[in-house]
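>>> Have a look at this prediction, sequence included:
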Amino acid sequence: MDLATYQHQHHHHHRQQQQQQQLQHRELKTNTTKTFEDIPREILHLVFIWLTGTDIANIGKSSRTLQLLVQDDYLWSVMTKVRFPRIYKETLQEINDCRNDQSGNDSNSSMSAICWRDIYMAKDESRLSAAKNMHITHIKLPYWRIVHTNESIYGATAKLHSVCWFDVNGVIEGVPPGRYRVQWRMRLSLSARWNEPLDFTASVIPKKKMSAKEEQKKKEEEEEAVLSYTTPPEFYAREDVVTNTWILVTMPGEIDIKGGWGFTDVRVSHEKRTDFWKSGIELDWVRLQPAGEAAGEGLLVDYESRHTFYWRTSHGMRTSSSSHDLTAEGTVQNNNGMWSSSWCGDSDSGSVDDFWMLD
């Protein structure tokens, strides 16, 4: 065998070895590659419990396998336990009460009616009903009353007639990390024009006991996560605010939930505990709105009606314009058609004739 033949055979053998090694490497890589769906269900549960209900719903749209996974009610029970522990315990107590019930089939029916997904999603939006989920001091006539109405997604609102000790507060549970604005849905009648400036607050509630050093650090961080705002003196005198129709009032400033805190409870309040009488306020709900969704900075007021409003004055009738500046730090925006009121006569204003709304 001459040298040229030997080199040719050696080169051919070397190429065969390289091709075989590449093929083996490709097969090994193919066999070891895993998709998201190949992750064990227990591991996916550990990931999903730190997501919101909206996130889980979107994940379920990505494949049939994940859709089946997110339909598992056990997953939603674990998510509820992590994000809303109080609600989880109360629901378990309700299940135990059903088991101890001596009513036979009725007990089994009550237990089967419990859906963890529905329980979780009812709290997923970080919103509270003033009438159903918040504590209101003197929540009875002649001070306050609960109004059952289809103008609220909760079916009820809290209407103030007249009170000195004005205190409405509640806890929004399981708020994900992020920056938020505080937004109230309310309606103000003419009798609110004599209200003094009222306070809006939002603050983080500590979750667990810590060491002294950790507690001090957390306290400093939580002091930064306190939002407090007092309405300007002219707020309740503005004819573009006291419209007797539903408005969305977004407070200035933001509350920051740190990433390392996980799901956090936030206390929100609307209050003023003085000797002066307050009236003319109807509250529907309060929520924490992601800061990126806000239409602007400062105090924002969004209308929820297409109608034009008129006030009777000593000089005749005057109409409200569609947009006004509230203060130097805020604006009024007209978002037509979110909700619509049928009329605006209100007993709190003294007389229906004092206030008109025309198409």
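Thanks, I have the structure now.
>>> Show the low-confidence segments of this protein, by residue range.
By pLDDT under 70, the weakly predicted segments of the chain are 1-19, 21-34, 36, 102-113, 208-224, 305-359.
>>> Using CSV, write out every CA atom in stretch 290-298.
Extracted in CSV, the C-alpha atoms of stretch 290-298 (Å, rounded to 0.1, in the frame of the first residue of the first chain):
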residue,chain,number,x,y,z
PRO,A,290,-51.1,49.0,38.6
ALA,A,291,-49.3,52.3,38.3
GLY,A,292,-48.6,51.7,34.6
GLU,A,293,-52.4,51.6,33.8
ALA,A,294,-53.0,55.1,35.3
ALA,A,295,-53.9,57.7,32.7
GLY,A,296,-51.6,60.3,34.2
GLU,A,297,-50.0,61.7,37.3
GLY,A,298,-51.5,63.6,40.2
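>>> in it, what counts as buried?
For stretch 290-298, a neighbour-count test (16 or more other C-beta atoms under 10 Å) marks residue 294 as buried. Where you see a C-beta, it was placed from the backbone N, CA and C, and this is true even at glycine.
>>> Same check on stretch 35-42?
By 16+ other C-beta under 10 Å, stretch 35-42 has no buried positions at all.
>>> tell me how far the ends of that stretch are from each other?
With C-alpha to C-alpha, to the nearest Å as the measure, stretch 35-42 spans 15 Å from end to end.
>>> you'd agree residue 257 is up against residue 172?
No: at 10.7 Å, residue 257 does not count as touching residue 172 under the criterion of C-beta atoms under 8 Å.
>>> what touches both of those two?
Both residue 257 and residue 172 are contacted by residue 266, under the criterion C-beta atoms under 8 Å, 6 or more residues apart in numbering.
>>> Show me which of those two is the more surrounded one.
When neighbours are counted by other C-beta atoms under 10 Å, residue 257 and residue 172 differ, and residue 172 comes out ahead with 24 against 19.
>>> name the helices or strands packed onto the host helix or strand of the more buried one?
Taking DSSP states H and E as the criterion, residue 172 maps to strand 163-175. If you count contacts as 3 or more C-beta pairs under 8 Å, 6 or more residues apart in numbering; DSSP states H and E, strand 163-175 packs onto strand 127-129, helix 130-133, strand 135-136, strand 264-278, strand 281-290.
>>> can you list contacts of the second one?
Applying C-beta under 8 Å, 6+ apart, the external contacts of helix 130-133 come out as 136, 146-147, 152, 154, 156-158, 168, 170, 283-286.
>>> Top of those residues by number of neighbours, please.
residue 286 (28 neighbours).
>>> quick one on the thing from earlier: the contacts of helix 130-133 into TSV, with extra columns for distance to residue 120?
Conversion of those to TSV gives the following (distance: C-beta to C-beta, whole Å):
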residue	distance to residue 120
136	26
146	26
147	28
152	22
154	18
156	22
157	25
158	25
168	26
170	19
283	25
284	23
285	19
286	20
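>>> Show me which pair in those residues is furthest apart.
147 and 170 (17.8 Å; C-beta to C-beta).
>>> and the nearest residue to residue 242 once chain neighbours are set aside, how many neighbours does it have?
Spatially, and ignoring its direct neighbours in sequence, residue 242 is nearest to residue 188 (4.6 Å; C-beta to C-beta, 6 or more residues apart in numbering). For residue 188, the neighbour count with other C-beta under 10 Å is 26.
>>> about what we covered before: most tightly surrounded among the helices and strands packed on strand 163-175?
Ranked by mean neighbour count under mean count of other C-beta atoms under 10 Å, the helices and strands packed on strand 163-175 are led by strand 281-290, which reaches a mean of 22.
>>> can you give me the strands for the stretch 201-350 of the chain?
Here the stretch 201-350 of the chain has its strands, by DSSP state E, counting those that start in this stretch, at 226-230, 246-250, 255-257, 264-278, 281-290, 300-303, 308-313, 316-319, 331-333.
>>> Could you dump those strands into TSV and include distance to residue 77?
Shown next, in TSV, are those (distance: least, C-beta to C-beta, whole Å):
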stretch	distance to residue 77
strand 226-230	33
strand 246-250	34
strand 255-257	24
strand 264-278	20
strand 281-290	25
strand 300-303	37
strand 308-313	48
strand 316-319	55
strand 331-333	41
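>>> coming back round to it: let's have the helices and strands packed on strand 163-175 in CSV, adding distance to residue 121.
Output for the helices and strands packed on strand 163-175, formatted as CSV (distance: least, C-beta to C-beta, whole Å):
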stretch, distance to residue 121
strand 127-129, 12
helix 130-133, 15
strand 135-136, 24
strand 264-278, 18
strand 281-290, 15
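>>> Residue 49: which of these is closest?
Residue 49 lies closest to strand 264-278 among these, at 15.1 Å (C-beta to C-beta).
>>> hmm, back to that, residue 242 is nearest to which of the helices and strands packed on strand 163-175?
Shortest distance between residue 242 and these, using C-beta to C-beta, is found for strand 281-290: 10.1 Å.
>>> For that closest one, name the packing helices and strands.
Contacting strand 281-290 under the criterion 3+ C-beta pairs under 8 Å, 6+ apart are the following elements: strand 127-129, helix 130-133, strand 156-160, strand 163-175, strand 178-188, strand 264-278.
>>> Am I right that residue 42 sits in a helix?
Yes: the assignment for residue 42 (DSSP: H, G, I helix; E, B strand; the rest coil) places it in a helix.
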